[in-house]
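Colleague: Quick one, structure for this:
(one chain, ligands or ions: 1)
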Amino acid sequence: MKILSVNSGSSSLKFKMYEMPEEKEIISGVFERIGENNSFYTIKLNGEKIEKKVELDNHEDAVKYLIEELIENKVIKSLEEIKGVGHRVVHGADKYASSVIITNDVIRDLEKFSDLAPLHNPANILGIKAFKKMIPNAVEVAVFDTAFHQTMKEENYLYAVPYEWYTNYGVRKYGFHGISHHYLTKRMMEILRKKDAKIITCHLGNGGSITAVCGGKCVDTSMGFTPNAGIIMGTRTGDIDGSIIPYMVEKTGKSLSEIINILNKNSGLLGISGVSNDSRDIEDGIANGNKRCALAQKMFVQSIVDYIARYYVKLNGVDAICFAGGIGEKSIKTRKEIIEKLAVLGIKLDEQANNVRGKEALITTSDSGIPCYVIPTNEELMIARDAFSFVK
Ligand code: AMP
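Modeller: Residues are numbered from 1 along each chain as shown. Reported below is the predicted structural model:
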């Protein structure tokens with residue numbers, strides 16, 4: 001059975017098609033610059049790359065070309081073969097603790113939650129509506145980035161602001177990257193073979209978050225009301241004192257939205273280093289003696305270590321820690337620096353085993369107090385699995 005996994009942005013649409021239940025990836029691709037000039041798409045099929053410049057006025061156009069490619073390349077004979085489409089949806093607020101078949105009521109909810117994720121939910125809805133129209137027989141399923149974190153207790157998800165801010169306006173920690181943390185949790189539990197395992201999952205990409213998990217359920221997570229909270233990221237600040245915002249509005253004469261934009265897009269590794277948001281560039285900068293790159297890396301690593309330490313205590317000990325995302329999977333240096341700072345917990349890096357990129361691996365020694373793993377995450381597969389669960 002064919003299942004599509006879809007991630008729609010405001011001007012892009014990424015997809016992967018799987019044969020289920022084998023979980024075999026058949027075809028993947030991305031449509032870019034939707035609604036802009038010079039739009040195009042790239043598709044990967046049988047180890048080959050197809051790239052075409054086409055006019056993509058909207059998400060429906062992207063789905064139309066996708067269907068054409070699927071048929072032309074004999075991936076499917078008819079649309080009936082696509083039984084399910086799983087959509088990544090960033091915000092399900094506190095209504096959705098698991099994936100759900102997308103009805104008109106669900107779409108209305110997602111529109112309502114757009115206030116909480118103005119950059120993401122409207123784009124996700126565009127994708128959903130396009131697929132619903134173009135592939136009407138498939139079951140459309142919403143898979144939420146917030147759902148995995150819905151098991152957090154009140155004392156962990158509330159901010160110490162007037163309680164009415166929560167009840168009247170929904171101000172609370174929601175957490176994000178939940179699809180990835182859920183995947184990592186499942187994989188770690190398979191590896192550990194322990195139902196009540198206590199795990200710290202570190203998703204370190206351009207955006208990053210860390211989650212404390214017990215018995216397969218999220219206890220706490222580093223991102224908050226928005227994805228700007230928690231650890232330092234590529235361009236985002238991570239945790240800062242909210243009072244900085246009005247202070248900088250007053251000092252710079254910039255508008256509130258300009259300052260918020262800087263906190264999201266010009267801060268983090270980029271803001272500190274002044275060089276780049278990409279950890280490869282930071283590493284190159286350090287190798288070339290750039291002091292601000294070294295400072296950015298030091299602060300980045302420390303912010304991760306601080307969260308791991310906090311969650312170690314919160315979980316009352318930990319059975320395993322895992323690293324995923326572009327940096328977690330590929331930055332040997334960052335993993336080494338994090339793990340070396342955790343020596344007080346008896347964690348011991350295996351330098352040779354850590355010399356790995358993008359592959360599942362145990363990277364600590366056999367006598368390490370806590371084993372640490374690299375687990376390549378797979379959000380697309382997680383989305384396809386959830387969609388499949390509704391149609392099989
Ligand atoms: P993601 O958001 O998960 O796709 O991760 C993207 C980030 O991963 C990039 O911005 C880089 O910071 C990081 N990254 C990718 N490849 C490497 C690498 N070989 N070494 C260090 N960092 C990497």
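Colleague: Burial check on residue 355, number of neighbours?
Modeller: Using other C-beta atoms under 10 Å, residue 355 has 11 other residues around it. All C-beta atoms are positioned from the backbone trio N, CA, C, and that covers glycine.
Colleague: same question but for residue 159, I mixed them up
Modeller: The number of residues packed near residue 159 is 15, by other C-beta under 10 Å.
Colleague: And for residue 276?
Modeller: With other C-beta under 10 Å as criterion, residue 276 counts 17.
Colleague: what do you get for residue 250?
Modeller: Around residue 250 there are 9 other residues, counting by other C-beta under 10 Å.
Colleague: what pLDDT does it get?
Modeller: pLDDT, residue 250: 98.
Colleague: Can you list the buried residues in the helix or strand that it is a member of?
Modeller: Residue 250 belongs to helix 244-252 when assigned by DSSP states H and E. Residues of helix 244-252 classed as buried by neighbour count (16 or more other C-beta atoms under 10 Å): 248-249.
Colleague: pLDDT on the following helix or strand past that helix, on average?
Modeller: Remark: after helix 244-252, the chain's next helix or strand is helix 256-265, criterion DSSP H and E. The average of the pLDDT scores along helix 256-265 is 96.
Colleague: How about residues contacting helix 256-265?
Modeller: 228, 235-237, 240, 245, 248-249, 252, 254, 271 (C-beta atoms under 8 Å, 6 or more residues apart in numbering).
Colleague: residues contacting the closest residue to residue 341 other than its chain neighbours?
Modeller: Residue nearest to residue 341 in three dimensions, not counting chain neighbours: residue 305, with 4.5 Å by C-beta to C-beta, 6 or more residues apart in numbering. Counting by C-beta under 8 Å, 6+ apart, residue 305 makes contact with 338, 341-342.
Colleague: neighbour-wise, which of those residues leads?
Modeller: Neighbour max across these (other C-beta under 10 Å) = residue 338, 24 neighbours.
Colleague: CA atoms only: put the strand or helix carrying it into PDB for me.
Modeller: Element membership of residue 338, judged by DSSP H and E, is helix 332-341. What follows is helix 332-341, C-alpha atoms only, in PDB (Å, rounded to 0.1, in the frame of the first residue of the first chain):
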ATOM      1  CA  ILE A 332      31.600  14.800  15.800                       C
ATOM      2  CA  LYS A 333      33.100  17.800  17.600                       C
ATOM      3  CA  THR A 334      29.800  19.000  19.100                       C
ATOM      4  CA  ARG A 335      28.900  15.500  20.500                       C
ATOM      5  CA  LYS A 336      32.400  15.100  21.900                       C
ATOM      6  CA  GLU A 337      32.300  18.500  23.700                       C
ATOM      7  CA  ILE A 338      28.800  17.800  25.100                       C
ATOM      8  CA  ILE A 339      29.700  14.300  26.300                       C
ATOM      9  CA  GLU A 340      33.000  15.400  27.800                       C
ATOM     10  CA  LYS A 341      31.100  18.100  29.900                       C
END
